[in-house]
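Novice: what follows is a predicted structure for the sequence shown.
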Amino acid sequence: MTIAPVVASYAAYYLFPRDAQANYGELLPTRPAPEIAGTALDGAQFRVTGLTGKWVLAMAAPGGCDAACQQQLYATRQARMIQGREMDRVTRVWFVTDDAPPPPALLAQHPDVVAVRVPAGALAAWGKGADRIYVVDPLGNLVLAFPRDPDIKAMAKDLTRLLKASRIG
């Protein structure tokens, strides 16, 4: 009777291994995010390197912003808001990939997003293409890529882990 729990624990450990992956987002090879230069909607010049020192949630979509784009904006906003007092360490960037103006009502719903007009293929060099949400660390390195329609709670949990483990940004 006394040895049964020990045998059961060893059996569970060796016969039913856990999934090794603890993160939801796809880990990217550690490398600096390729530079993207564009123009903010207010006309100011923008460079990704200008965001050094902040965690960045970046996405790309046309200015018309279809339902998938709106879902990405919502997911990044919620993942940032879930961070509570740490949310100021996170900046959201929307790379607008065409000449269409973003709807003012949509921008009003997302006042903290930095909307930047960039060439259509600007995020192609980031490795997973433009249909992902990327996390860039405060040093300017690509860290994670989330799917186009992410699980918001899992995304926020990954972001929480990153912010907790990092004292920079």
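Specialist: Structure's in. What do you need?

Novice: the helix or strand where Val143 lies packs against which elements?
Specialist: Assigned by DSSP states H and E, Val143 belongs to strand 142-146. Strand 142-146 is packed against strand 26-27, strand 133-136, helix 152-165, with contacts defined by 3 or more CB pairs under 8 Å, 6 or more residues apart in numbering; DSSP states H and E. Where C-beta positions appear, they are placed from N, C-alpha and C, glycine not excepted.

Novice: got the angle for it vs helix 152-165?
Specialist: Per axes from the mean of the first three to the mean of the last three CA atoms, to 10 degrees, the angle that strand 142-146 makes with helix 152-165 is 160 degrees.

Novice: and the average pLDDT for strand 142-146 is what?
Specialist: What strand 142-146 shows for mean pLDDT is 95.

Novice: hmm, back to that, tell me which of the helices and strands packed on strand 142-146 sits nearest to Met81.
Specialist: Closest approach to Met81 among those (CB to CB): helix 152-165, 8.5 Å.

Novice: counting contacts, what elements does that closest one pack onto?
Specialist: Helix 152-165 packs on strand 55-61, helix 67-81, strand 133-136, strand 142-146, going by 3+ CB pairs under 8 Å, 6+ apart.

Novice: mind redoing it with 6 Å?
Specialist: helix 67-81 (3 or more CB pairs under 6 Å, 6 or more residues apart in numbering; DSSP states H and E).

Novice: strands paired with whichever helix or strand comes after the helix it packs on, and their directions?
Specialist: Where DSSP H and E defines the elements, the next helix or strand beyond helix 67-81 is strand 90-96. Strand 90-96 sits in its sheet next to strand 55-61 (parallel), strand 113-117 (parallel), going by DSSP bridges.

Novice: in the last one, which residues are buried?
Specialist: Neighbour counts using 16 or more other CB atoms under 10 Å place 113-117 of strand 113-117 among the buried residues.

Novice: sort out which residues of stretch 46-62 are buried, please.
Specialist: 46, 48, 51, 54-61.

Novice: the residues you listed into TSV, with extra columns for pLDDT and distance to Leu27?
Specialist: What follows is the buried residues of stretch 46-62, written out as TSV (pLDDT from 0 to 100; distance: CB to CB, whole Å):
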residue	pLDDT	distance to Leu27
Phe46	94	27
Val48	88	20
Leu51	89	21
Lys54	94	20
Trp55	96	15
Val56	96	16
Leu57	97	16
Ala58	95	16
Met59	95	18
Ala60	94	20
Ala61	94	24
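
Novice: and which of these is nearest Pro102?
Specialist: Using CB to CB, those come closest to Pro102 at Ala61, 9.1 Å.
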